[in-house]
Structures are given as C-alpha cells and as structure tokens.
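K.L.:
Provided below for reference: sequence and predicted model.
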Amino acid sequence: MKLKSQHFNIGIITINFNTDGDTINLVESVNKSKVGYGHILCIIDNNSTETKSKSLLDYLNENIDLNYKELNLKINNQVNNECILRTTDEWIASNTNKLKVLLIKLDENIGFAAANNLGYSVLKNISSHFLIINNDVVVEKNLINELMNSFEGNEMCGLSTGKIYFGKPDNNVLWYAGGRFSFEPKIFNRHPYRGENDFNDEERQVTFASGALILTSNQIIKKFNLFHEAFFFGEEDAAFSYKLLRDNYKIIYNPKAKCWHNVGTSRKKISNNKWFNSKKNKSRFLLAALTAPFYTYYFWLLMYLNLRVIKYIISGERYDLIEDMKSLIYSLKIRYSKSFFENQQLINSSKYLSH
C-alpha cells in the first residue's frame with residue numbers, strides 16, 4: 001500500500017471505532033496546532049457501526065478548513081486496495097495550507113495494532129516521522145513540535161512521548177507522566193503518577209511509553225516494525241517499548257508536550273464482550289511470556305491464576321478458565337519459539353503491512 005508524490009515530515013495516525021465525537025475533537029486540536037513541519041492526518045476507521053447525529057464523515061465533509069479525502073478498503077482484497085490508493089496521488093501532491101485528512105474506512109475491525117500498521121504502510125513513502133495517537137486525545141498547540149525536538153535532540157532516541165492528563169483541557173490530573181516498563185501492570189505500575197495532580201518535571205529517559213502518544217521515525221519502524229499483530233488490543237505499546245530498550249534505544253519523555261486523554265472510550269464499547277476479554281487476556285499472557293525472565297514469568301503466572309480463582313470464589317464473578325488456558329498455551333508456544341524477536345522476517349510480518 002503506497003502513496004507517492006509530496007513529502008510530509010510527520011504522518012499522524014489515529015484509529016476510530018464508534019467514537020466519532022472524540023475523533024472530531026482530535027482533528028480540531030491538530031488543526032489548531034502550531035506545527036513547524038509538514039504533516040498529514042490519517043484516520044483508520046475500524047468498521048464503526050454506530051450512527052451518530054453528527055458523524056465524523058459529516059464533519060469532514062462540511063469543514064472548509066480541512067482538505068479531506070475518503071477511501072474505502074476491503075481487508076481481503078489487496079489488489080483492489082492498491083488501485084484505490086493510487087487515486088490519491090494527485091490529492092497528496094496538491095498544494096494547500098489546509099490540514100490534509102485521509103479517512104480510510106475498513107470493512108472489518110482488524111484491531112488497534114494492525115490498524116496502526118496499515119496506516120503506516122499507507123504513509124511510509126511520504127513521511128519521515130510518525131505520530132501514533134489515540135483518537136480520544138486533544139493536543140496542546142505545541143505538542144508536535146515538542147515531541148520532534150525531543151526525538152531529534154537525543155542521540156539513540158527510539159521514540160518520544162509527552163505528558164497526558166485525564167479528560168478534557170484544563171484538567172490537571174495526570175494519566176501518564178513518564179512510565180516504567182513492566183511485563184504485568186498489576187505488579188509493577190507502568191503509570192506511576194496516574195491520578196496525581198500535575199507537577200513540574202523535566203525531560204528525561206523513561207522505560208515505557210503509552211500507545212496513546214508515540215512519536216517515532218520511519219527508520220525506527222523499518223528496523224523494529226511498529227506493533228506486532230499478535231496483540232489485538234492492549235499491551236502492544238509495552239512490547240514496542242521493550243523492543244527498543246533491548247536494542248539500547250532511548251524512550252524520551254517531554255513534559256512540555258501536553259495532551260488530554262478521554263480514557264477508555266473505545267475500550268468501553270466492547271469491554272463487556274467475552275471475545276474482547278479473551279483477546280485482552282491473551283495479550284497479557286503474551287506480553288509476560290515475551291519479556292519476563294524465566295523465574296519471574298512463572299511466579300507471575302502462578303500469582304495471576306491463583307488470584308483469578310480466589311476472586312471467583314469470593315465474589316462469584318464468572319471466570320473462564322478454559323480461555324485462560326488457551327491464552328497460556330498460545331503464549332508458551334511463542335515464548336519458546338526462538339525466532340520471535342530474533343527472526344527479522346517474523347518481526348516484520350504483517351497481514352496488513354506491506355514492505
């Protein structure tokens with residue numbers, strides 16, 4: 001999937017799933033940003049099904065401050081998709097002061113990791129850097145410039161990220177202010193400042209960046225891939241952080257790059273779905289299997305399963321042991337596959353990401 005012609009320094013990728021209002025807020029905040037770099041915003045719609053009185057499509061069609069194009073891709077028709085994407089060359093090449101917004105509507109939900117990979121594959125030939133951002137985020141006007149300054153100003157920087165607050169602008173309660181990498185958030189908190197009021201801090205190196213706000217380069221993605229599609233929704237950001245750290249790249253946190261995160265709006269749409277919960281548990285098992293030392297992994301596994309059973313006995317909350325066992329078997333297969341991180345072909349393999 002290739003777009004050619006005009007070069008944009010930054011390709012911004014966000015995923016929409018039944019949260020049009022949030023995505024509209026993101027587009028408006030990006031459009032108001034003071035960005036010293038050419039940039040294009042790519043929205044991947046993961047087969048949204050809800051109908052809104054004011055839909056994203058209506059907003060994009062009616063907003064005269066945007067240069068907007070819509071594409072409809074079919075997941076199982078690669079040839080047709082290539083033809084559709086080639087029609088965008090003239091639009092990409094056109095000169096305009098308006099923010100270019102490319103909306104790609106999919107005919108099925110392929111998950112967060114794969115949808116971001118697809119967005120990258122569309123923009124990779126016209127962008128040197130990529131901003132991966134949740135659609136329920138509103139950015140401060142200087143956020144993009146600050147992230148670029150941190151990325152370019154630190155040697156061996158693999159990605160830069162910023163300060164993320166809960167809710168809407170003017171809220172000063174922190175959701176993320178630099179994180180610590182861990183293989184399981186119940187044991188080691190990846191968001192150590194979550195819920196605290198804002199405080200003054202400085203740019204520093206951290207060990208975990210949330211997938212809600214990641215700026216990295218085309219060069220880094222070509223080396224490490226973006227998100228591995230074994231993770232459907234959740235934990236892909238921790239795995240990406242881990243891949244960078246294990247190769248001695250830095251994750252730089254810049255508190256001057258500020259945004260507000262309406263946490264969990266997409267997740268809430270499917271949070272009570274059995275299918276979603278099984279995907280979530282599989283991602284959790286997989287992350288632990290891939291990153292934890294031998295003894296730590298089995299300690300975590302024993303604690304996790306015991307706590308789930310105890311919770312079931314005490315609260316009567318339904319516990320699907322069969323689904324956990326399936327997830328465990330899946331994660332063990334990958335853990336003892338020597339090629340998962342070492343084999344470059346497997347690292348870069350993607351059903352939706354062309355190379």
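P.N.:
That came in fine, so what should we check first? Numbers count the residues shown, from 1 in each chain.

K.L.:
how about the one helix or strand residue 251 maps to as CSV, C-alpha atoms only?
P.N.:
Assessed by DSSP states H and E, residue 251 sits inside strand 250-261. C-alpha atoms of strand 250-261 as CSV (Å, rounded to 0.1, in the frame of the first residue of the first chain):
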residue,chain,number,x,y,z
LYS,A,250,16.0,5.6,24.4
ILE,A,251,12.4,6.5,25.2
ILE,A,252,12.3,10.2,25.9
TYR,A,253,9.5,11.8,27.9
ASN,A,254,8.9,15.5,27.4
PRO,A,255,6.5,17.1,29.9
LYS,A,256,6.2,20.2,27.6
ALA,A,257,4.4,18.0,25.1
LYS,A,258,0.9,18.1,26.7
CYS,A,259,-2.4,16.5,25.8
TRP,A,260,-5.7,15.3,27.4
HIS,A,261,-6.9,11.8,27.1
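
K.L.:
pLDDT on that strand, on average?
P.N.:
Mean pLDDT, computed over strand 250-261, is 98.

K.L.:
so what does it touch, helix or strand wise?
P.N.:
strand 137-139, helix 143-153, strand 157-166, strand 204-206, helix 236-246 (3 or more CB pairs under 8 Å, 6 or more residues apart in numbering; DSSP states H and E). Placement of C-beta: from N, CA and C, glycine included.

K.L.:
Burial check on residue 200, number of neighbours?
P.N.:
By the measure other CB atoms under 10 Å, the count of residues near residue 200 is 5.

K.L.:
Next up, the contacts around it.
P.N.:
Counting by CB atoms under 8 Å, 6 or more residues apart in numbering, residue 200 touches residue 255.

K.L.:
Excluding sequence neighbours, find me the nearest residue to residue 249.
P.N.:
With sequence-adjacent residues excluded and distances taken as CB to CB, 6 or more residues apart in numbering, residue 249 is closest to residue 158, at 3.2 Å.

K.L.:
Check residue 127 too.
P.N.:
residue 11 (3.4 Å).

K.L.:
any idea how far residue 224 is from the one you found?
P.N.:
17 Å (CB to CB, to the nearest Å).

K.L.:
So if I had to pick from those two, which one is more boxed in?
P.N.:
residue 11 (26 against 21).

K.L.:
you'd agree that one is in a helix?
P.N.:
No. According to DSSP: H, G, I helix; E, B strand; the rest coil, residue 11 belongs to no helix; its state is strand.

K.L.:
pretty sure it is touching residue 132, no?
P.N.:
No. When contacts are counted by CB atoms under 8 Å, residue 11 is not listed as touching residue 132 (9.5 Å).

K.L.:
so which of the helices and strands packed on strand 250-261 comes closest to residue 216?
P.N.:
Closest approach to residue 216 among these (CB to CB): strand 157-166, 4.2 Å.

K.L.:
now the closest one and helix 236-246, what's the angle there?
P.N.:
Between strand 157-166 and helix 236-246, the angle comes out at 140 degrees (axes from the mean of the first three to the mean of the last three CA atoms, to 10 degrees).

K.L.:
Check which helices and strands strand 157-166 sits against.
P.N.:
helix 143-153, strand 174-176, strand 213-217, helix 218-224, helix 236-246, strand 250-261.

K.L.:
Make TSV from the helices and strands packed on strand 250-261 and add distance to residue 326 to it.
P.N.:
TSV is the format used below for the helices and strands packed on strand 250-261 (distance: least, CB to CB, whole Å):
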stretch	distance to residue 326
strand 137-139	33
helix 143-153	39
strand 157-166	32
strand 204-206	34
helix 236-246	20
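
K.L.:
neighbouring strands for the strand holding residue 251, and are they parallel or not?
P.N.:
Strand 250-261 has its sheet partners listed here by DSSP bridges as strand 137-139 (antiparallel), strand 157-166 (parallel), strand 204-206 (antiparallel).

K.L.:
And it, what's buried?
P.N.:
Judged by neighbour count (16 or more other CB atoms under 10 Å), strand 250-261 contains these buried residues: 250, 251, 252, 253, 254, 255, 256, 257, 258, 259, 260, 261.
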